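Chemist: task: produce atomic coordinates for the following.
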Amino acid sequence: MSRVVPEPSFRRYIAGIGTLSLRPFDLDTDVPVLHSWVTQPYARYWGLLDASVADVHAEYLRIEQTGHHQALLGEHDGRPAFLMERYNPAYDAVGAVYDQAPGDVGMHVLVAPPAPGEHLAGFTGAVFETILDYLFSDPLVDRVVVEPDVRNTKIQALNERMGFRKHSIVQLPDKQSWLSFCTRDQYAEAVQMNEAG
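Modeler: Next up is the predicted model:
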C-alpha cells in the first residue's frame, strides 16, 4: 500500500513552466529524495554533503519538532522539485545579529538538480516567485529575511532579482552570510520589473 503524502497547501500555475505547489514535508516519503539533492556538490552550502539518510531524517525531525521552523516540499506538476524552509528569526542565530520586526519570516530554498534533458528556462525564478507569493499570502508577513553564505553568489543574484536588498555581512555559527531583506513592496516592484523584461 502506498503512503499518501499531504495535500498541497499552496499552488500556482506559470505559463511555460507548469504547476508549482508547496505541501508539508513528509519525513517518510521526502527524506530519501532530499538526501539525493543535499549530497550533491551543487548543494554544498546546505551543509549536508556527507550526510547519511539517517542524518537528513534526524535534521528534519528536529525542524518538525521546533514549532517555529517548518519544511515544505515543492512540487513541479506533482513531482518533487524544491525544498523551502520557513522559520521565525527570533528563534534562529540570525535573530541575534539584526533588529527583528514582528512581521519578519526567515526563508531557505533548495532547488532539485534538473533531470538530464529537463532544464526549463526560468524555472528557478518561478520557484522563487512561488515561495515569495506563498510567504506574502500570510497577512502577518511583512518582510522576508535570508542569510546566504557570502560565497554563494548565484543565490545572492537571484535574491536581488526578486527584490531582496543586501543589509550587511554577518557572522553566524556555521558561516559568514549576507543578511538581506525583502519587503512586500520590494517584491511587488521586482515582479513588475521582471515582467517588463
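Chemist: need the contact list for Val145.
Modeler: 89, 94, 98, 104-107, 179-181 (Cβ atoms under 8 Å, 6 or more residues apart in numbering). In short, each C-beta sits where N, CA and C put it, glycine included.
Chemist: remind me which residues of the chain are low pLDDT?
Modeler: 1-6, 117, 197 (pLDDT under 70).
Chemist: what's the spacing between Lys154 and Gln100?
Modeler: Counting by Cβ to Cβ, to the nearest Å, the gap from Lys154 to Gln100 is 27 Å.
Chemist: those two: who's more crowded?
Modeler: Shown here are Lys154 and Gln100; by other Cβ atoms under 10 Å, Gln100 has more neighbours (16 against 12).
Chemist: from Asn88, how far off is the more buried one?
Modeler: 9 Å.
Chemist: for Val150, same thing?
Modeler: Applying Cβ to Cβ to Val150 and Asn88 gives a distance of 24 Å.
Chemist: swap in Lys175?
Modeler: For Lys175, the distance to Asn88 - Cβ to Cβ - is 20 Å.
Chemist: partner residues bridging Lys175?
Modeler: Beta-bridge pairing for Lys175 (DSSP bridges): Leu172.
Chemist: just the strands in this structure please.
Modeler: 10-14, 18-24, 69-76, 79-87, 104-111, 143-146, 165-172, 175-183 (DSSP state E).
Chemist: okay, these in a markdown table with distance to Phe136 next?
Modeler: Below are the strands of the chain laid out as a markdown table (distance: least, Cβ to Cβ, whole Å):
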| stretch | distance to Phe136 |
| --- | --- |
| strand 10-14 | 11 |
| strand 18-24 | 13 |
| strand 69-76 | 15 |
| strand 79-87 | 12 |
| strand 104-111 | 9 |
| strand 143-146 | 8 |
| strand 165-172 | 16 |
| strand 175-183 | 9 |
